[in-house]
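> below: sequence and its predicted model.
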Amino acid sequence: MRNYWLVKSEPDVHSFAMHSAKPGGISSWDGVRNYQARNFMRDGMKLGDRVLFWHSNAVPPHLAGICEVVREAYPDHTAQDPSSEYYDPKASPENPRWVMVDLKALVAVQRQVTFDDLRGSALLQQMRLLQRGNRLSVMPVTGDEYDEILRIAETPDP
DNA sequence: GCCAACGTTGGC
DNA sequence: GCCAACGTTGGC
């Protein structure tokens, strides 16, 4: 059974187009430094899961594309790299502390979905993304929400 | 640039 | 283990 997720990225830093431009459209999802988000990646993300790629800090923020999990959680080595902006001195080979997954970009959406679009759908009112003060960068989405969002995006499930 | 919300840190 | 201070996120 397939799970569904949403991840946030600032397009200035790492956009869906940048991700798609990597070899095979595959890039690691590193730098997550929040335990709840990490646990979703570590315990929840499985091969073949679909991942909605959300552009945060964009004007306006929007859904940009759809990815697939092509490698399940493994240690995020950037946590052990002092030159990385994601360096965490408490991470070690014995206790990597943080994990990353590999995501493959599948398709850009036909129509970029905004907060207004999400708020306009009765089926999406429970989304964590719409809850006030939500700052999670990795969060689960239900299958029904996924289907509804793709319908609004005018994009078939890849 | 503002600021609400929330996670983390560290003194006690 | 409490909790105030602080830093960060991210929509607006």
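Received the coordinates, thanks.

> tell me the helices and strands packed up against the longest strand seen in chain A.
Ordering each strand of chain A by length in residues (DSSP state E) puts strand A:99-114 first. The contact analysis (3 or more CB pairs under 8 Å, 6 or more residues apart in numbering; DSSP states H and E) places strand A:99-114 against helix A:16-21, strand A:26-29, strand A:50-55, strand A:62-75, helix A:143-152. (Glycine included, C-beta is placed from N, CA and C.)

> mind listing what that strand pairs with, with the direction of each?
Under the criterion DSSP bridges, strand A:99-114 sits next to strand A:26-29 (antiparallel), strand A:62-75 (antiparallel) in its sheet.

> tell me the pLDDT of the residue nearest to residue A:111 when sequence neighbours are not counted.
In space, and not counting its chain neighbours, residue A:111 is closest to residue A:154: 4.6 Å by CB to CB, 6 or more residues apart in numbering. Here, the pLDDT recorded for residue A:154 equals 97.

> doesn't residue A:108 make contact with residue A:154?
No: at 11.6 Å, residue A:154 does not count as touching residue A:108 under the criterion of CB atoms under 8 Å.

> from the chain's centre, how far out does stretch A:2-13 sit?
Chain-centre distance of stretch A:2-13: 2 Å, with CA atoms, centre = their mean, to the nearest Å.

> and chain A, which residues reach DNA strand C?
Residues of chain A found near DNA strand C (CB under 7 Å from any atom of the strand) are A:8, A:10, A:54, A:56-58, A:60-61, A:115, A:135-137.

> how does it look with 10 Å?
A:7-10, A:13, A:31-34, A:37, A:54-62, A:85-86, A:114-116, A:118-119, A:129-130, A:132-139 (CB under 10 Å from any atom of the strand).

> for DNA strand B, give me its nearest residue in chain A.
Minimum separation of chain A from DNA strand B (CB to the nearest atom of the strand) falls at residue A:133, amounting to 2.1 Å.

> and residue A:154 and residue A:108? Which one has more around it.
residue A:108 (16 against 10; other CB atoms under 10 Å).

> so what pairs up with that one in the strands?
Counting by DSSP bridges, residue A:108 is bridged to residue A:65.

> list the residues that contact the residue of chain A most remote from its centre.
Relative to the centre of chain A, the most outlying C-alpha is that of residue A:94, 26.7 Å out, by CA atoms, centre = their mean. Counting by CB atoms under 8 Å, 6 or more residues apart in numbering, residue A:94 touches no other residue.

> thanks again, I'm all set now.
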